[in-house]
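> Here is a sequence together with a model predicted from it:
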Amino acid sequence: MVLRRLLRKRWVLGVVFGLSLIYFLTSTLKQEERTIRDRTLLEARDPDHRIPWKVRFNLGNSSRPITQCRNSIQGKTLLTDELGYVCERKDLLVNGCCNVNALSSRQYICKSCLANGCCNIYEYCVSCCLQPDKQPLLEHFLNRAADGFQNLFTAVEDHFELCLAKCRTSSQSVQHENTYRNPQAKYCYGESPPELLPI
């Protein structure tokens with residue numbers, strides 16, 4: 001009863017409105033600052049930006065302990081770590097790396113990948129793309145990347161991030177925006193899109 005009477009008073013409503021307006025304005029300004037900062041970072045990027053191609057070290061023959069690994073995260077059953085190992089989710093170590101001693105772990109595996117660099121399974125695409133001998137192909141792609149892809153691929157920091165981005169399905173993998181050109185090879189790290197299969 002007292003709360004209801006208090007909320008009917010104009011000064012209380014004015015305070016609530018004023019605080020809401022202040023919150024809205026500060027949130028809007030912070031969002032605008034973030035947008036400007038992100039845009040500035042993309043524009044200030046060095047056009048000769050080079051990504052590191054070599055994996056830091058090979059876990060399989062190194063005595064140095066690894067502290068953390070990035071991995072492809074999204075797979076239901078398979079994952080690819082930044083060292084190029086594909087493993088089952090159950091064989092992922094707490095540091096994010098595949099257990100190289102597990103039976104399911106294989107490095108630089110191109111199983112399900114075609115000669116044009118298109119694969120049936122995303123994790124195999126990333127692993128195959130991480131092979132050191134794919135560097136010239138990827139460098140050639142980066143040098144020829146269309147302006148539309150510049151923002152995406154200039155944000156890439158290293159070989160692993162490039163392969164994650166490159167292997168995701170893109171407009172090159174689809175036809176008429178709703179069907180895959182080749183449902184058996186929709187993840188591509190190569191330059192050419194998957195071959196168009198007849199319907």
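Perfect, thanks for sending it. Numbers count the residues shown, from 1 in each chain.
> For this protein, which segments count as helices?
For the chain, helices defined by DSSP state H occupy the ranges 2-8, 10-44, 122-129, 135-144, 147-154, 159-167.
> where in the protein is pLDDT low?
Low-confidence segments of the chain (pLDDT under 70): 1-3, 6-7, 35-66, 145-155, 198-199.
> Please repeat the previous calculation with a cut-off of 90.
Filtered on pLDDT under 90, the chain yields the residue ranges 1-18, 21, 23-68, 73-76, 104, 111-112, 114-119, 133-162, 165-199.
> Lys76 is nearest to which of the helices of the chain?
helix 122-129 (10.2 Å; Cβ to Cβ). Where you see a C-beta, it was placed from the backbone N, CA and C, and this is true even at glycine.
> quick one: that closest one to helix 159-167, angle?
For helix 122-129 against helix 159-167, the angle by axes from the mean of the first three to the mean of the last three Cα atoms, to 10 degrees is 130 degrees.
> which of the helices of the chain is buried the deepest?
Highest mean neighbour count of the helices of the chain: helix 122-129, a mean of 27 (counted as mean count of other Cβ atoms under 10 Å).
> Just name whatever secondary elements it is in contact with.
Here helix 122-129 touches strand 78-80, strand 85-88, strand 118-119, helix 159-167, strand 187-188, going by 3 or more Cβ pairs under 8 Å, 6 or more residues apart in numbering; DSSP states H and E.
> Alright, I will stop here.
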